[in-house]
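Colleague: can't give you the sequence, but here's the structure:
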């Protein structure tokens, strides 16, 4: 005998509610699982730059992770990719200045100020890497962005590894939920 209708509806509702939770869990676990190995470059995805030209805490965490990879000699160069946000400061330029101030030689940092989104960053990185004879990259972003960024890089033919930036804030809940939509869109090829 089948359970009563209210119980079946509650069960169906619980199953539907579980789908985003399972998806979010998969994104978090995947994003927190670094696959760091010696690579040609680190590709640091842009984020907010303050009006005074300093990186936001989230962006500084990404840059510090790339700096760590540089100091451990895991990479040969760093590609910093972003665009110009409402603050009016090109993210790539701000990231370049930050890394130089931390001791990375300027000639080992490649600036891409046309990385308007994840797809553009991956496409631009592929061109930059091909021009310099690089094949492998470590993509650096916050954990929730890692799965989609890796997918975009791999679609450009880049041998991709990952390194998440350790910075957590309440906004991560929104960002992870956003990836529940963004990742399938990229995966299905609905976004270039």
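Modeller: Here it is on my side, so go on. Worth saying up front: this structure is predicted, and the values here are computed from it rather than measured.

Colleague: so, low pLDDT: which residues of the protein?
Modeller: Scanning the chain for pLDDT under 70 picks out 1-3, 5, 18, 191-192.

Colleague: and the helices in it?
Modeller: In the chain, helices defined by DSSP state H lie at 5-32, 57-71, 91-101, 118-132, 146-155, 171-187, listed in chain order.

Colleague: so for residue 39, which of the ones you listed sits nearest?
Modeller: helix 57-71 (8.2 Å; Cβ to Cβ). (Each C-beta comes from the backbone N, C-alpha and C, glycine too.)

Colleague: which helices and strands does the closest one pack with?
Modeller: Applying 3 or more Cβ pairs under 8 Å, 6 or more residues apart in numbering; DSSP states H and E, one finds that helix 57-71 makes contact with strand 41-45, strand 77-81, helix 91-101, strand 136-141, strand 159-164.

Colleague: tabulate these (a markdown table), appending distance to residue 114.
Modeller: Output for the helices and strands packed on helix 57-71, formatted as a markdown table (distance: least, Cβ to Cβ, whole Å):
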| stretch | distance to residue 114 |
| --- | --- |
| strand 41-45 | 13 |
| strand 77-81 | 8 |
| helix 91-101 | 8 |
| strand 136-141 | 17 |
| strand 159-164 | 20 |
